[in-house]
Every structure is written in structure tokens, then in C-alpha cells.
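Q: predicted structure and sequence below. I'll ask about it afterward.
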Amino acid sequence: MSQTAQLSTEQRAALIARNLEEVIGAEELPALLAQNLPLRHYIGLEISGKLHLGTGLMCMQKVRDLQRAGVHCIVFLADWHTWINDKLGGDRERIKRVAVGYFKEGLKASLAALGGDPEALEFVLGSDLYHHNDVYWETLIEVSRNTTLNRILRSISIMGRNEGESIDFAKLIYPPMQVADIFILRANIAHGGMDQRKAHVIARDVAHLLSIAPLRDAHGKVIKPIAIHHHLLLGLEKPPQWPVDPEKLRELRTAMKMSKSKPRSAVFIHDSPDEIRAKMRKAFCPPPADGIAFNPVLDWAEHLIFRNAQSLFVPRAPENGGNLTFESYEALAAAYSEGGLHPMDLKNAMSEALIALLEPVRKHFEDRAEIKAMWAELEAML
RNA sequence: CCCGGGAUAGCCAAGCGGCCUAAGGCAGCUGACUGUAAAUCAGCCAUUCGGAGGUUCGAAUCCUUCUCCCGGGACCA
């Protein structure tokens, strides 16, 4: 905190807003910071399987930034949302155990590896938040009263569902619950990947319509939560249409995000070095002639490696030109585009860089029997 | 509770009494080719058709029953 005290409002705002895909309500941020109000952040995570780099690193990278900016960070372990979405077999007691066991450990280890403070990170379990909490349920109804069915239907389509596919009614309760979570946790900053923007936008739209638990600033004025959305890492697979239509690039990137249900698309935070190398070797990595607009390996270099390391070292055999070091993503992308870096050398470099970045996380899971046991319990549920 | 439709591999899906130790597609796996992946080519991938009975020389295919899913209706003091 002493470090925070030395940061100017501008510096804090810059830390909060950096490396994001978008900040909704950016213009409200300086005023909020100037009030010296203790800021609260929230990111809600459904307990739905092994932690991949999108959750472990992309989310926690931002948490680290926020902590440095003096924001109190909260991970909301959404066990009810897991239940609603039929994940992990629906055994609620086990979901809870996995949430507070595996998920918490994995996220703390990831945050620590990225230079954040895991001890300062607050974890709130959905079940605990909802238990005997009238204000929560009242807010859920208030949010629902101020949202239309059409809007809810639109917002659930992002949960990986296809049009026309039949769903049970509980799925419709999911988005308003997510919105209520934000207000009941009194989060000034709602954080998630780009796939979370619909729920966050609803939260902002209803913010001024709530009477039970509105969000207020230091002067008691009702305010909207600021929504920050990080980049969704590309999965390592080839997209369905290739080459990609530049017009559709944005939606394709969302559709092609890393996913735990497509094991080839994702690297998990505790993958072994050999697993990481194998996945990288199989990754879709189009040659420079095809452009670099859609290249998962470069995407990871930009969003994971250069956000956490000064450089990327490329080990190369002498006959292929010898070793290389890149100091920035721009330099790397330029070299790749010009054909000065072979895809395989890029992959090798990325494998080793990721292995190094994840080394503390892997050790955390390997060294302690009880943590390994949590991981084993989760694997058994998949 | 009633009527109707359905249940075939991870997913989609053909077959509707013998040629089914079940077509095809997607996904996946292995190999070839590329100094990566992709693309392409070759190979592998359900002894079994939601469960249990029965009819028959013979059933995924017909009958009975149970379970589950979908659509609709009924109930609504």
C-alpha cells in the first residue's frame, strides 16, 4: 500500500486500464480515484474445469495491475452458476470443494507467479454470498424487473449456446444473478473477458434503477460499475473458415477463444513442460504469407509473454541462423512477418517461455500433496 | 395426467426383419508430406443400436414394459 500512495491518480488509472480490450466508463475512473474511495474489483468465475491460461494468467494479470493501483480485488467463485450451467456433474458439495480448493489454489498460485499478492486477494463463494441474504434476492428481482426477457435471451447466447437449442429456465436466471453479484459485492470495477460484456452492460444500465443496493461513490451519489474486459486468448486450433474474412475477424476471435472443452486449444496452468511442448508443436501457426491477423502462437506471445517478461529468447540451431532475442512484441511480429523467424522456432521459443512463466504454478501443484489431491478430485469429476 | 414424436459411437446421422460382427459426415488418433501447424493422402476409430422381457430359424429393425428427452394439450378452488 505504501507503494500505492506514491502513485498519482493518472498512474493508477493507467494501471487499471492498460492492456485491455476495452474499458466501459473509462471517463468515470479519474473522478472515482480522486475521491480516494476504497475501490473494489470483482471477477466472477464459474467453477467449470481445469484452469487454463485464459483464466489463470489473463485474469490474474489484470488483478495484479489492479492490486498495484490500490484496488481491492475479489474473485467470486460462482458455484451456483456452475450448477445452473450443468457443469461438473451438478454435485453441489463437490463443486464447492473444488471451488474453494482447486480454484482458489490455482488462482493464488497464478497471481503469485505474475507478481501479484495472493494474500490480499479476497475469495467469495457464491453459496456464502446468497445464504440468508435478503438483499441479494431482492436485488436479483430488481435487476430482473429492469431488464427484458429479450435482453436476457440475447445475453445467454454468449454462453456457448446455439440458436434454437432448448434450454432450461434456470439458464435465464444466470445473467441477472451475475448482475446482482456485482452490486451485492459492491464492485466498482466489474472485470471479465470480452465474453462478459453483455452482463456488465446490463449492470451499468440498471445501476441507476436500483433502490435496494445501488452502488454509491464517496458522496453518496449513485454510480455505475466500470466494466473492464481483457483480451480472450486464441485457442490453438485452426478456425473453421481459413483464411479468415477480415470483416468477421472480431467475432471469430471470440468464437475461437481458448476453451477447456477443447483440450487441444488450451494450455492449463499446471501442464507439464512436455505437455506444453506437445500442445505448442500441434498449434495452428500459419506462415507469414498468410498474414499475422489470426495466429494463436503470436497472440500468446503478445498477451502473455511480453506482458510479463522483458524479452523472448529464441533458441535456434546455427544452420537456421543461430539464437535470437526479441525485446518487444512489435519486433517479434515484424520479424515473423518478414519471414525472418520460422514458425517452428517461434513455437520452440514460446514453449520454453511459457514453461518458465508457469514454473512456480506447476511447483505449487506438484510439491504439496493436499493441493495435488484437489487437482485429482477435479480431474475425477470431468 | 393425456396425445404425438424420439432415444444408434464424443457429436450429427443412415438403416426400419436376414446382404448389419451397423453407411456416411464431423471430431479424434497414427503415419506420409512440409524445417511448425494447416491443407492433402493412407490407416485406425460401435461384436453393437436407452434398459428389461418376448415373437421369430433370424431383430437396431416387430410386440410388451420401464426409463429419459422433445412438442402440444389438460389441470389452474
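A: Alright, I've got the coordinates.

Q: residue numbers of chain A in contact with RNA strand B?
A: Neighbours of RNA strand B within chain A, by CB under 7 Å from any atom of the strand: A:166, A:168, A:237-238, A:242, A:264, A:281-287, A:290, A:316-317, A:320-321, A:342-345, A:347. C-beta coordinates here come from the backbone N, C-alpha and C atoms, glycine included.

Q: inside strands: which ones of those residues?
A: Per DSSP state E, strands hold no members of the residues of chain A next to RNA strand B.

Q: what's the span of stretch A:86-102, first residue to last?
A: By CA to CA, to the nearest Å, the extent of stretch A:86-102 from end to end equals 19 Å.

Q: list the buried residues of it.
A: A:K87, A:L88, A:R94, A:I95, A:K96, A:R97, A:V98, A:A99, A:V100, A:G101, A:Y102 (16 or more other CB atoms under 10 Å).

Q: so which of the residues you listed sits lowest on pLDDT?
A: Lowest pLDDT among those: A:L88, with 79.

Q: who's in contact with it?
A: When contacts are counted by CB atoms under 8 Å, 6 or more residues apart in numbering, A:L88 touches A:I47, A:S48, A:G49, A:T82, A:R94, A:I95, A:V98, A:M381, A:L382.

Q: nearest residue to the last one in space, please, no chain neighbours.
A: By the measure of CB to CB, 6 or more residues apart in numbering, the closest residue to A:L382 outside its immediate chain neighbours is A:G49, 6.0 Å from it.

Q: assign the one you found to helix, strand or coil.
A: Going by DSSP: H, G, I helix; E, B strand; the rest coil, the secondary structure assigned to A:G49 is coil.

Q: correct me, but it touches A:W375?
A: No. Contact criterion CB atoms under 8 Å: A:G49 and A:W375 do not qualify, at 11.6 Å.

Q: overlap in contacts of those two?
A: When CB under 8 Å, 6+ apart defines a contact, no residue borders A:G49 and A:W375 alike.

Q: okay, which residue of chain A is out on the far edge from center?
A: A:E319 (40.1 Å; CA atoms, centre = their mean).

Q: thinking again about what came up before, ok, of the residues of chain A next to RNA strand B, which come out buried?
A: Buried among the residues of chain A next to RNA strand B (16+ other CB under 10 Å): A:E237, A:A283, A:F284, A:C285, A:P286, A:R316, A:H342, A:P343, A:D345, A:K347.

Q: what sits against the second one?
A: Residues counted as contacts of A:A283 (CB under 8 Å, 6+ apart) are A:L236, A:P296, A:V297, A:K347.

Q: sounds good, over and out.
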